[in-house]
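Q: have a look at this prediction, sequence included:
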Amino acid sequence: MIDYISPKTQQPLSANGKALTTTNGETFPVVNNIPRFVDSDNYAQAFGYQWNIHVNTQLDSYTGHPISKDRLERCLGYNVEQLKGKNVLEAGSGAGRFTEHLVKSGALVHSFDLSNAVEANAKNIGDAANYRIAQASIYDIPYPDEQFDVVICLGVLQHTPDPDKSIECLYRKVKPGGQLVIDHYSYSLARFTKASTLIRYILKEMPKEKSKKITNNLVNFFFPLHWTCRKFYPAQAVLSRISPCLFYYKDFPFLTKEQHFDLTQLDTYDHLTDYYKHLRTQGQLRSLLEKLGAVSIETFRGGIGVEARCLKPTKTN
């Protein structure tokens, strides 16, 4: 496993009681066995709140279906088992929907999240020898540059203040010959024809407990309507323009009603309270990766919008 460093000074860290410290006096607390390089009071606190409520909702081990594993392997371009023994950096790990597959693969998994979702992640993954979790910023990653065989960031970049800068920070951690795997929200007609935009601008400024109560009430009202017309697509299409709730029966018809309700509660809150919601095209992502010097760049429409992967060139003398 790769050792932590100070994200500001790049100095090595050593354990000192319930903290990690540098020789020049920097101190980072370790709370519940998780190193904390940032405060929990930040723009991602709503995410942390939701993941500690919906701890298991997106885990394949909970749903009994490989939804997250399929997405992970599609973005990687190969079976996750091929990561065995490789150093993997997972940025924005949430409650662990992808983490559990990375750890199970035998990869050396270094996960972090800006929010206190790290609590849910640690609870779900447990004390695996090939896993560590930290609370940290994507702009100040507590690991040395060019150390990771694979850097993965799924479902995160659109929610950061500056996605382009976020990608640059991730790319710096990829070792020569290593792979960067990302995805991003993109433009679509549906994003501009839903009634939820105004609601989001109101809810994202509210205290997280109050906004969660409101989104739960919205789901309680609209979910029965979605479920009733779940097999009639024209009605579902019309309802989706009126309802602020996210409903995935078309994508996951095999989930139970209870699982769909839980997922709708989670994603509706996520959709209506994220502080940042940036959009990028395939061309924009490709252009940025080319500017960074990446090779073997592949971009695809799919998933949450655009998926992309690339390699960092090996160094030559």
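A: Yep, it's here.
Q: need the longest helix for this protein.
A: Ranked by number of residues, the top helix in the chain under DSSP state H is helix 208-228.
Q: and it, how far from the chain's centre?
A: 23 Å (CA atoms, centre = their mean, to the nearest Å).
Q: identify the residues contacting that helix?
A: 45-46, 49-50, 53, 203-204, 206, 236, 239, 243-245, 247, 249, 257, 260-261, 264-265, 268-269, 272-273 (CB atoms under 8 Å, 6 or more residues apart in numbering). For glycine as for every other residue, the C-beta is placed from the backbone atoms N, C-alpha and C.
Q: quick one: buried ones out of these?
A: Buried by 16 or more other CB atoms under 10 Å: 45-46, 49-50, 53, 203-204, 236, 239, 243-245, 247, 249, 260-261, 264-265, 268-269, 272-273, out of those.
Q: can I get whichever strand or helix holds Phe261 in CSV, CA atoms only?
A: For Phe261, the enclosing helix or strand under DSSP states H and E is helix 257-273. Below are the C-alpha coordinates for helix 257-273, written out as CSV (Å, rounded to 0.1, in the frame of the first residue of the first chain):
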residue,chain,number,x,y,z
LYS,A,257,-40.7,-2.2,-5.5
GLU,A,258,-39.0,-1.6,-2.1
GLN,A,259,-35.6,-1.4,-3.8
HIS,A,260,-36.9,1.1,-6.3
PHE,A,261,-38.5,3.2,-3.6
ASP,A,262,-35.2,3.3,-1.7
LEU,A,263,-33.2,4.2,-4.8
THR,A,264,-35.7,6.9,-5.8
GLN,A,265,-35.4,8.4,-2.3
LEU,A,266,-31.6,8.4,-2.6
ASP,A,267,-31.2,9.7,-6.1
THR,A,268,-34.0,12.3,-5.8
TYR,A,269,-32.2,13.8,-2.8
ASP,A,270,-28.9,13.6,-4.6
HIS,A,271,-30.4,15.2,-7.7
LEU,A,272,-32.1,18.1,-5.9
THR,A,273,-29.4,19.0,-3.4
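Q: so what secondary structure elements neighbour it?
A: helix 45-53, helix 196-203, helix 208-228 (3 or more CB pairs under 8 Å, 6 or more residues apart in numbering; DSSP states H and E).
Q: flag every buried residue along the next helix-or-strand element following the last one.
A: What that stands for is helix 208-228. On the C-terminal side of helix 208-228, the nearest following helix or strand under DSSP H and E is helix 233-242. For helix 233-242, a neighbour-count test (16+ other CB under 10 Å) marks 236, 239-240 as buried.
Q: same question for stretch 291-300.
A: 292, 294, 297, 299.
Q: was I right about Tyr275 contacting Thr160?
A: No - the pair Tyr275 / Thr160 is not scored as a contact, 9.7 Å apart, by CB atoms under 8 Å.
Q: okay if I get the helices and strands packed on helix 257-273 as JSON lines plus mean pLDDT?
A: Rendered in JSON lines, the data for those read as follows (pLDDT from 0 to 100):
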{"stretch": "helix 45-53", "mean pLDDT": "91"}
{"stretch": "helix 196-203", "mean pLDDT": "85"}
{"stretch": "helix 208-228", "mean pLDDT": "96"}
